[in-house]
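Trainee: build me a model from this:
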Amino acid sequence: MSAAGIAGGAALRFQVGVSPAQDGVPEPVPSVSEADGMRIERNRAVTLSDGVDVYVDLFRPLTDERVPALIAWGPYGKHNGGNVYAQFRDDSGRTGGGVRPEWISSYTTFEGPDPLRWCEAGYAVINVDPRGFWWSGGDFGTVWDRQEARDCADVIGWAAAEEWSNGKVGMSGVSYLAVSQWWAASLRPPGLAAINPCEGLSDVYREFAFHGGIPSDFPSFWQRHRLKYSRSKVEALADMMDDHRLDDAYWESKRPDLGGIEVPAYVIASWSDQGLHTRGTIAAFEQLGSQDKYLEVHGRKKWEYFHAPSTVARQQAFFDRFLKGIDNDVSSWPRVRLEVRRRCYDGVERRPATWPPPETAPRVLHLDVDALALSGEPPAADARVSYPATEDADGVLLRHRFDRAVDVIGPMRLRLWVEVQDADDMDLFVAIGKLDVDGAEVTLPYANVLERGPVALGWLRVSHRALDETRSTSLQPWHAHRTEQPLAPGEMAAADVEIWPSATRFERGEQLTLRIVPHDPYPDAAMWRHTRLVNAGTHVLHTGPSHPSTLTLGVLSPEPDARTWESPDV
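Mentor: Numbers count the residues shown, from 1 in each chain. Below is the predicted model of the structure:
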């Protein structure tokens, strides 16, 4: 790795790319063919405004009519095809991340729209290898910045001006392919008429690199395995985390101007992507400046949901409205549509007017570590509990039994009074769970493919406990991450943990659980782990009148006639 370049005033580190030939991808040879009702142009060169050529694969229907285009912009390789999800296994050994083989064609790239289905619907699809990736020219440089946004805007302009185009371009895709949409749309390029970001980041520091100030392992995996195929230098974002442990100008440079986005947006998020996309996708929707914006949050697996026939049908209706000008029912869509989960693949629908739901009422539950309970009333006496700060520690588990049915919706705020013995810092991991009326654990989809996950997760490195009070709310603390405040020996400090958004139905007699541990509570999700911890010594939690510790959650009464969330096959 070497240091070069400047981003947000920071010297950059880069990784050396691996030739695409090592992955069996030969140098690009342009070709044109017809198959399955499509005209397919492979490895077409598109010249960017600075003269660099990037390569695209263009699929368009065999028609003389001008059609709109959908762009999928991401670094994972436009050439990917076949069952691109077959490599992923869930916790029962099944492959595919829930994506059924009949839902996608062999032309489908990883996390992108299926060209065959969209050409059948009267759209062109353009899969792009960005600058510096695979065989595209130039140096990619930095991850998620204005240069990439300008490149994407250039390709949008090219697509809108093509002789086969009706002049309107949309964007669609998951994860990186969603983040690229925020960036491109923030520049308001002519020709871009609508976006469909699914599961994207909007705050790289808080959602990708660090969780509550605790470094995530995922960027290192992503950097090594997903960004390596390039003949150029590519920013080593995981290495930059070592130089930028706090939220500084470097991380600020990776936040697009969401308020400047004006194009219609159909935003899809999930409750199941705790630790990667849930928080940022919903936060981006809140900040979008678009007049026509729609938020849909489900509780299923993200790739499965993106490719499900029912989702593709709604995506087509959205793009038909804004790329083809078809007067359909999209104008009457609810602005927000949520799945309130009852258990794995079982949920009901709510349609609040906005996000967060304005009618949500905060409910404060008081922690009592002596009774291991969460109660509506404060405990009468002070209590404390301790546990070793080790990787196998059980931590603390507290429960609250609901005396009536409620929908718990939105982020949660956990206030803890903490102390550490024989150390000066502590990493806190928090999991919200659910027990049925018989006390059995109710597990939920989690981490792309798993099915035995939590309701919601939260994290905090206690030295990062300082808040930005102007941005904090009763349900969501906002950590500034500008300074570190170690704990003094014997010091008891108040620390607020942000628990990511969720939506869960609790029936009468069912229980909410709060688990506090010094390590990842779901270690089976290997890529989502955190191994660079500061834990040592003994953690101590305090509750009671002298140190009131609380969990604040947003609740709504269940709607009596709520419809069941639809099957993906619809």
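
Trainee: who touches Glu41 in this structure?
Mentor: By CB atoms under 8 Å, 6 or more residues apart in numbering, the contact list for Glu41 reads 30-32, 57-59. C-beta: built from backbone N, CA, C; applies to glycine.

Trainee: out of these, flag the one nearest to Leu416.
Mentor: For these, the residue nearest Leu416 by CB to CB is Asp57; the value is 51.3 Å.

Trainee: partner strands of the one helix or strand the closest one maps to, parallel or antiparallel?
Mentor: Using DSSP states H and E, Asp57 sits in strand 53-61. Its sheet considered, strand 53-61 pairs with strand 38-47 (antiparallel), strand 124-129 (antiparallel) by DSSP bridges.

Trainee: most tightly packed of the ones you listed?
Mentor: Across the strands paired with strand 53-61, averaging neighbours per residue (mean count of other CB atoms under 10 Å) puts strand 124-129 on top, at a mean of 27.

Trainee: alpha carbons of that strand, as CSV, please.
Mentor: Taking Å, rounded to 0.1, in the frame of the first residue of the first chain, the C-alpha atoms of strand 124-129 are listed here in CSV:
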residue,chain,number,x,y,z
ALA,A,124,-32.7,-1.2,-22.3
VAL,A,125,-30.3,-2.3,-19.6
ILE,A,126,-26.8,-1.0,-19.4
ASN,A,127,-24.3,-2.8,-17.1
VAL,A,128,-21.2,-0.7,-16.5
ASP,A,129,-17.7,-1.4,-15.4
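
Trainee: that strand - what's its average pLDDT?
Mentor: Averaged across strand 124-129, pLDDT comes to 98.

Trainee: got a list of contacts for that strand?
Mentor: With contacts defined as CB under 8 Å, 6+ apart, strand 124-129 is touched by 46, 54-61, 67-75, 77-78, 109, 112-113, 115, 118-119, 135-136, 152, 155, 159, 164-165.

Trainee: which of those fall within helices?
Mentor: The members of these that map onto helices under DSSP state H are 115, 118-119, 152, 155, 159.

Trainee: who does the lengthiest strand in the chain pair up with?
Mentor: Looking across the chain with DSSP state E, the single longest strand is strand 406-421. Strand 406-421 pairs in its sheet with strand 493-506 (antiparallel), strand 538-543 (antiparallel), strand 550-556 (antiparallel), by DSSP bridges.

Trainee: adding distance to Ser472, write those strands out as JSON lines.
Mentor: Converted to JSON lines, these look like this (distance: least, CB to CB, whole Å):
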{"stretch": "strand 493-506", "distance to Ser472": "8"}
{"stretch": "strand 538-543", "distance to Ser472": "21"}
{"stretch": "strand 550-556", "distance to Ser472": "11"}
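
Trainee: now the ones you listed in JSON lines, with mean pLDDT and distance to Asn328?
Mentor: Output for the strands paired with strand 406-421, formatted as JSON lines (pLDDT from 0 to 100; distance: least, CB to CB, whole Å):
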{"stretch": "strand 493-506", "mean pLDDT": "98", "distance to Asn328": "27"}
{"stretch": "strand 538-543", "mean pLDDT": "98", "distance to Asn328": "54"}
{"stretch": "strand 550-556", "mean pLDDT": "98", "distance to Asn328": "30"}
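
Trainee: quick one: those strands as CSV, columns for mean neighbour count and distance to Ala193 too.
Mentor: Formatted as CSV, the strands paired with strand 406-421 follow (neighbours: other CB atoms under 10 Å; distance: least, CB to CB, whole Å):
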stretch, mean neighbour count, distance to Ala193
strand 493-506, 24, 29
strand 538-543, 22, 52
strand 550-556, 21, 35
